[in-house]
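*Asks:* Provided below are the primary sequence and the corresponding predicted coordinates.
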Amino acid sequence: MRVLGVDPGLTRCGIGIVDAAISKQKIDFVAVGVIKSSPDLPLEQRLLEIDRGLRDWITEHKPDVIAVERVFSQHNVRTVMGTAQVAGIALLAAAQSDTKVVMHTPSEVKAAVTGSGRAKKDQVAQMVQKILKLKDAPKPVDATDALALAICHIWRGAGDARLNSAIMKERSRLGSLKALKA
């Protein structure tokens, strides 16, 4: 499974891609980067730049899933608005490329990667570096956060898939038992 993580931001949108075989739980680093937009441009042009960048990454890397950070309330309304707009661009790009999309909260990502939903940015970066066996943690932090999102989805998604499979098998078994009794 190939996952593209998106850490939405209007000035810097972090992008990270990892590959994983669910059965092995081994995660491989594929690519990382940042899509930038200039604060000097009108908002619609900034969003267009980010859209083009996201589509280029999707076309080049063909992810199976796009994991986007769920926007959470912040004190700075301008920051949260820009983040929400970029998250919307990521959701739209996923839909238009017919790619499954999932959203994870920052605390989910931190908990999945470090074991604590209250981990600091440097702790997340250290764990991303360790998990992916990278020489250095990617910079800026937006890039590291995007990789953390992708890792989170691999680990949470694999567990969710196993749980859903077990539920479906049990429902099937119970349906077969009902049919035998009838």
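*Replies:* Alright, I've got the coordinates.
*Asks:* which residues touch the nearest residue to residue 35 once chain neighbours are set aside?
*Replies:* Excluding its sequence neighbours, the residue lying closest to residue 35 (CB to CB, 6 or more residues apart in numbering) is residue 53, at 3.4 Å. The C-beta positions use only the backbone N, C-alpha and C, and glycine is treated the same way. By CB atoms under 8 Å, 6 or more residues apart in numbering, the contact list for residue 53 reads 13, 15, 35.
*Asks:* could you do residue 57 as well?
*Replies:* 4, 15, 17, 31, 33, 35.
*Asks:* I'd say the fifth one and residue 143 touch.
*Replies:* I take that to be residue 33. Yes. In this structure residue 33 lies within contact range of residue 143 using CB atoms under 8 Å: 6.3 Å.
*Asks:* now the most centrally placed residue in the chain. Nearest residue, chain neighbours left out?
*Replies:* Of all residues in the chain, the one closest to the mean position by CA atoms, centre = their mean is residue 67, 2.5 Å from it. Counting by CB to CB, 6+ apart, residue 67 lies nearest to residue 153, which is 4.0 Å off, once chain neighbours are set aside.
*Asks:* pLDDT-wise, which helix or strand of this structure ranks last?
*Replies:* Lowest mean confidence among the helices and strands of the chain (mean pLDDT, DSSP states H and E): helix 141-181, at a mean of 76.
*Asks:* quick one on the thing from earlier: closest to residue 93 out of the contacts of residue 57?
*Replies:* Proximity of those to residue 93 (CB to CB) peaks at residue 4, which lies at 9.8 Å.
*Asks:* now the closest one: which helix or strand?
*Replies:* If you go by DSSP states H and E, residue 4 is part of strand 2-7.
*Asks:* returning to what we had before: with only the CA atoms kept, save the helix or strand the residue nearest to residue 35 falls within in CSV.
*Replies:* Assessed by DSSP H and E, residue 53 sits inside helix 43-61. Provided in CSV are the C-alpha atoms of helix 43-61 (Å, rounded to 0.1, in the frame of the first residue of the first chain):
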residue,chain,number,x,y,z
LEU,A,43,-5.4,33.6,-2.3
GLU,A,44,-6.9,31.9,-5.4
GLN,A,45,-3.4,31.8,-7.1
ARG,A,46,-1.9,30.3,-3.9
LEU,A,47,-4.5,27.6,-3.8
LEU,A,48,-4.0,26.9,-7.5
GLU,A,49,-0.2,26.5,-7.0
ILE,A,50,-0.9,24.0,-4.2
ASP,A,51,-3.5,22.2,-6.3
ARG,A,52,-1.0,21.8,-9.2
GLY,A,53,1.7,20.6,-6.8
LEU,A,54,-0.6,18.0,-5.2
ARG,A,55,-1.8,16.7,-8.6
ASP,A,56,1.8,16.4,-9.8
TRP,A,57,2.7,14.3,-6.7
ILE,A,58,-0.5,12.1,-7.2
THR,A,59,0.3,11.6,-10.9
GLU,A,60,3.9,10.8,-10.3
HIS,A,61,3.6,8.5,-7.2
